[in-house]
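1. Quick one, structure for this:
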Amino acid sequence: MSIYVGNLDYDLGKEDLEEVFSEYGKVTRVHLPTDRESGRKRGFAFVEMSTKDEESAAIDALDGAEWVGRTLKVNQAKPRENNRSGGGARKSFRV
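-> From the prediction side, this is the model:
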């Protein structure tokens, strides 16, 4: 299970998230996605903790909490959907 953390300040780093989430258990991984073009953080993160109970406690405590002047959106991360198509439009031709 992974936790989605949205509405983050762009200046926050992994250490900041580890510090906050460690209050609810052991943080095993923090991922801060960046924009491919600019390299800038995208304003959200994924946090993994050592147990589901710890993740649930963090979600319950932090969803809707204010942190660094922003209201956090914290919930269970959903599996990534593969929305990438294989290229151009497919056309059918009549013969």
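2. CA atoms for contacts and neighbours, from now on please.
-> Will do.
3. could you give me the average pLDDT of stretch 28-41?
-> Averaged across stretch 28-41, pLDDT comes to 94.
4. What residues sit buried inside it?
-> By neighbour count with 16 or more other C-alpha atoms under 10 Å, stretch 28-41 contains the buried residues Val30, Leu32, Lys41.
5. need those in CSV with secondary structure and distance to Arg80, can you?
-> Converted to CSV, these look like this (DSSP: H, G, I helix; E, B strand; the rest coil; distance: C-alpha to C-alpha, whole Å):
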residue, secondary structure, distance to Arg80
Val30, strand, 17
Leu32, coil, 15
Lys41, strand, 18
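6. can you tell me which of these lies nearest to Asn75?
-> Nearest to Asn75 among those: Val30, at 14.6 Å, using C-alpha to C-alpha.
7. Could you export the buried residues of stretch 28-41 as CSV, including distance to Val20?
-> Output for those, formatted as CSV (distance: C-alpha to C-alpha, whole Å):
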residue, distance to Val20
Val30, 12
Leu32, 15
Lys41, 19
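8. For Leu17, which three-state class applies?
-> With DSSP: H, G, I helix; E, B strand; the rest coil as the basis, Leu17 sits in helix.
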